[in-house]
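Asker: Predicted model and sequence below, questions to follow.
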Amino acid sequence: MEAQKLSFGLSSTLSTSPIQNRKNPIFKIPSFSYTSPNNLTLKGFFLKPHFSFSPKVLPLPTKKIFQCTNCLQGIEKEFVTIPNNCVSKELKKKKLAVFVSGGGSNFRSIYEATIEGTVHGEVAVLVTNKLDCGGAKYAREQGIPVILFPKAKDTSEGLSEEDLVGALRTYNIDFILLAGYLKLIPTELVQAFPRSIFNIHPSLLPAFGGKGYYGMKVHKAVIASGARYSGPTIHYVDEHYDTGRILAQRVVPVLANDTADTLAARVLQEEHKLYVEVAAALCEERIVWRQDGVPLIQSKEDPNHYK
């Protein structure tokens, strides 16, 4: 159904009371209204008013992302011309919690993508089992809160499973992204955030996955097996290691002269790209579920195509 009228921004008048100014006793923000030939109406305000004022008295409109629910194209503009077959909705930034145990290179890629705007989300908190790891250090440098989990046996620091769930809810977390986190996720957390926890694994699952398969151990096993292909897998997290539904994969060829180190380096490059793409799809609500329970990523450019 064609949308007959869409309104962006705030109301047609921001303030009805006069604002005193030495040169201009009374003023209003200039507004506009445009009606296209097909009766599509847009209303809004100019972002650069022809006067200055105190933000405490009259704040400026802010940028928002609007997404067409039919074509999935998000546009970060104040005023947009919407195609006839589009139905718009505002996309709110998703709150992300990232879990790390090591250097956190995937965490850095995701965080940088949120800053650049590639991912329409915000890393609200980092969770780690090693407060001195590189990922935790980087988070503190960026002003991101760091939580220790699980609770260490020889110290009073750290949160219990129940406290962690409560803390993440306090941060209004939408999605949890495991990025090199080596601890098994507790059942309490999986149940508290259904279909919202994801992990990246450095092999093409279900091959070379499960308990004991992590880091360089995975790449050594791939080389030793004679497998011709490897690559990262992003999957939903359940109560077991690497058994959740697969969401995305990226194929990396295993070269004849590869070592575990050279293969790991090439797989890691693809991990960074793939995790950002998946995080962007999550934040843009482009995950759909097939009738048989398989999750798919809907293409941003073509909603009839799935990655």
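Answerer: Structure received.

Asker: Can you list the neighbours in contact with stretch 139-149?
Answerer: 104, 107, 111, 123-129, 131, 136, 157-159, 164, 167, 171, 183 (C-beta atoms under 8 Å, 6 or more residues apart in numbering). In short, each C-beta sits where N, CA and C put it, glycine included.

Asker: Now, the residues you listed that are in strands?
Answerer: 123-128 (DSSP state E).

Asker: Now flag whichever of these is closest to residue 295.
Answerer: Of all the ones in strands among the contacts of stretch 139-149, residue 295 sits closest to residue 123, with 22.4 Å by C-beta to C-beta.

Asker: Would you list the buried entries among the contacts of stretch 139-149?
Answerer: Buried subset of these (neighbour count, 16 or more other C-beta atoms under 10 Å): 104, 107, 111, 123-129, 136, 158-159, 164, 167.

Asker: Now do the phi/psi pair for the nearest residue to residue 190 once chain neighbours are set aside.
Answerer: Take residue 190 and drop its neighbours on the chain: the residue closest to it by C-beta to C-beta, 6 or more residues apart in numbering is residue 239, 5.7 Å away. Note on residue 239: its backbone torsions stand at phi -80, psi 0 [degrees, to the nearest 10].

Asker: got a list of what residue 279 touches?
Answerer: Counting by C-beta under 8 Å, 6+ apart, residue 279 touches 96, 110, 113, 119, 121, 175, 177.

Asker: Do you have the helices of this protein handy? List them.
Answerer: 105-116, 134-141, 161-170, 187-192, 216-225, 260-283 (DSSP state H).

Asker: Quick one: mean pLDDT for the longest one?
Answerer: Pointing back at helix 260-283 there. On average, the pLDDT along helix 260-283 is 98.

Asker: Mind listing what's buried along it?
Answerer: Neighbour-count burial for helix 260-283 [16+ other C-beta under 10 Å]: 260, 263-264, 266-268, 270-272, 274-283.

Asker: same deal with the third one?
Answerer: For helix 161-170, a neighbour-count test (16+ other C-beta under 10 Å) marks 161, 164-165, 167-168 as buried.

Asker: Straight-line length of stretch 283-299, end to end?
Answerer: For stretch 283-299, the first and last residues are 13 Å from each other (C-alpha to C-alpha, to the nearest Å).

Asker: thinking again about what came up before, now flag whichever of the ones in strands among the contacts of stretch 139-149 is closest to residue 244.
Answerer: For the ones in strands among the contacts of stretch 139-149, the nearest to residue 244 is residue 127 (18.1 Å; C-beta to C-beta).

Asker: what bridges to that closest one?
Answerer: Assessed by DSSP bridges, residue 127 has beta-bridge partners residue 99, residue 147.

Asker: still on that earlier bit, can you put the helices of the chain in a markdown table and add distance to residue 153?
Answerer: A markdown table is the format used below for those (distance: least, C-beta to C-beta, whole Å):
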| stretch | distance to residue 153 |
| --- | --- |
| helix 105-116 | 25 |
| helix 134-141 | 19 |
| helix 161-170 | 15 |
| helix 187-192 | 19 |
| helix 216-225 | 25 |
| helix 260-283 | 31 |
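
Asker: Any stretches of the chain with poor pLDDT?
Answerer: Counting by pLDDT under 70, the ranges of the chain that qualify are 1-89.

Asker: roughly how far apart are the residue positioned nearest the centre of it and residue 172?
Answerer: Closest to where the C-alpha atoms of the chain average out (C-alpha atoms, centre = their mean) is residue 279, at 3.8 Å. Noted for residue 279: a distance of 17 Å to residue 172, by C-beta to C-beta, to the nearest Å.
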